[in-house]
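Participant: Build the 3D model from these lines:
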Amino acid sequence: MIICDDPPFVFLSIPKNASRSVSAWLLETFRCSAIHETYEGAPQAFSGTWPHHMNIPAAAERFYRFAIVRDPVSRALSIWDHATQKHPGTYGIDAIWGPSFEGFARWLARGRELHPTSGETPWHVKQWEMFLPQADLLAGVHVDLLINIKSLPEGLVHLPFVAGVRSDLDRLGQGTHLEPRDVTPRAARFINEWAPFDQELLRLAAERNPKRTL
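Facilitator: Take a look at the predicted model:
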């Protein structure tokens, strides 16, 4: 999450939704702070923090809030690519779903089932937001604007504080974009079971101004 005092806004960062590039642009362009929070239940030896949380400080309660949303199948492909292709073995659970995206999608739909060897799922997999649907991350949070990742960077011009800002928005591309058309119908069904309300976020993004608590 990125919080800025002037102009007053909060960027609700959702993992695998261009959060890194948008956060970097915000930090460069405005006087912002990256707010992190350590997970409860993490091993004491673990000293890292994660930037993706929605606990907004009281001082920023009235700030303008926005988030980037993405087609759930496309996002799941990006998660799978990150967890199995770019960082194989990092999560210690790759053997659960095997080499295919369909296996990974089934794992998500079944509630991120237990590790086949140890019998338990590592704490960081149960709690890390990367494996959660977007609607779950934004549940109960008031959001002023949802921007579809496909509209970047042009979609950022709808933010009320961007007018007049001279900055290089063109570099805010999506990077390597894995197209949902490469996904089997069965895998797509698994993803829709995992994230049944994420399509509603895309509809709200098309309206450009949800003005509601999600």
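Participant: which stretches of this structure aren't confidently modelled?
Facilitator: By pLDDT under 70, the low-scoring segments of the chain are 33-53, 87-96, 112-128, 164-181, 208-214.
Participant: can we see that at 50?
Facilitator: 36-51, 123, 174, 176 (pLDDT under 50).
Participant: And the helices in the protein, which stretches?
Facilitator: Listed in chain order, the helices of the chain (DSSP state H) span residues 19-29, 72-80, 94-97, 101-109, 123-127, 134-138, 185-194, 198-207.
Participant: so which of these gets nearest Pro160?
Facilitator: Set against Pro160 and scored by C-beta to C-beta, the helices of the chain come closest in helix 19-29, at 14.2 Å. Any C-beta I mention is one placed from the backbone N, CA and C, and that applies to glycine too.
Participant: Just the CA atoms of the closest one, as PDB, please.
Facilitator: Written as PDB, here are the backbone C-alpha positions of helix 19-29 (Å, rounded to 0.1, in the frame of the first residue of the first chain):
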ATOM      1  CA  SER A  19       1.700  -3.100  -8.200                       C
ATOM      2  CA  ARG A  20       5.500  -2.800  -8.400                       C
ATOM      3  CA  SER A  21       5.600  -0.500 -11.400                       C
ATOM      4  CA  VAL A  22       2.700   1.700 -10.300                       C
ATOM      5  CA  SER A  23       4.100   1.900  -6.800                       C
ATOM      6  CA  ALA A  24       7.500   2.900  -8.200                       C
ATOM      7  CA  TRP A  25       5.900   5.600 -10.300                       C
ATOM      8  CA  LEU A  26       3.900   7.000  -7.400                       C
ATOM      9  CA  LEU A  27       7.000   7.100  -5.100                       C
ATOM     10  CA  GLU A  28       9.000   8.900  -7.800                       C
ATOM     11  CA  THR A  29       6.300  11.400  -8.800                       C
END
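Participant: buried stuff in that helix?
Facilitator: For helix 19-29, a neighbour-count test (16 or more other C-beta atoms under 10 Å) marks 19, 21-23, 25-26, 29 as buried.
Participant: what does stretch 186-204 give?
Facilitator: Those would be 187-188, 190-192, 194-195, 198, 201-202, 204, for stretch 186-204 by 16+ other C-beta under 10 Å.
Participant: So for Asp144, which of the helices of the chain sits nearest?
Facilitator: Closest approach to Asp144 among the helices of the chain (C-beta to C-beta): helix 198-207, 11.2 Å.
Participant: thinking again about what came up before, can you list the buried residues of helix 19-29 in a markdown table and add distance to Ala163?
Facilitator: Output for the buried residues of helix 19-29, formatted as a markdown table (distance: C-beta to C-beta, whole Å):
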| residue | distance to Ala163 |
| --- | --- |
| Ser19 | 23 |
| Ser21 | 21 |
| Val22 | 17 |
| Ser23 | 21 |
| Trp25 | 16 |
| Leu26 | 15 |
| Thr29 | 13 |
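Participant: Of the residues you listed, which pair is most distant in space?
Facilitator: Ser19 and Thr29 (15.6 Å).
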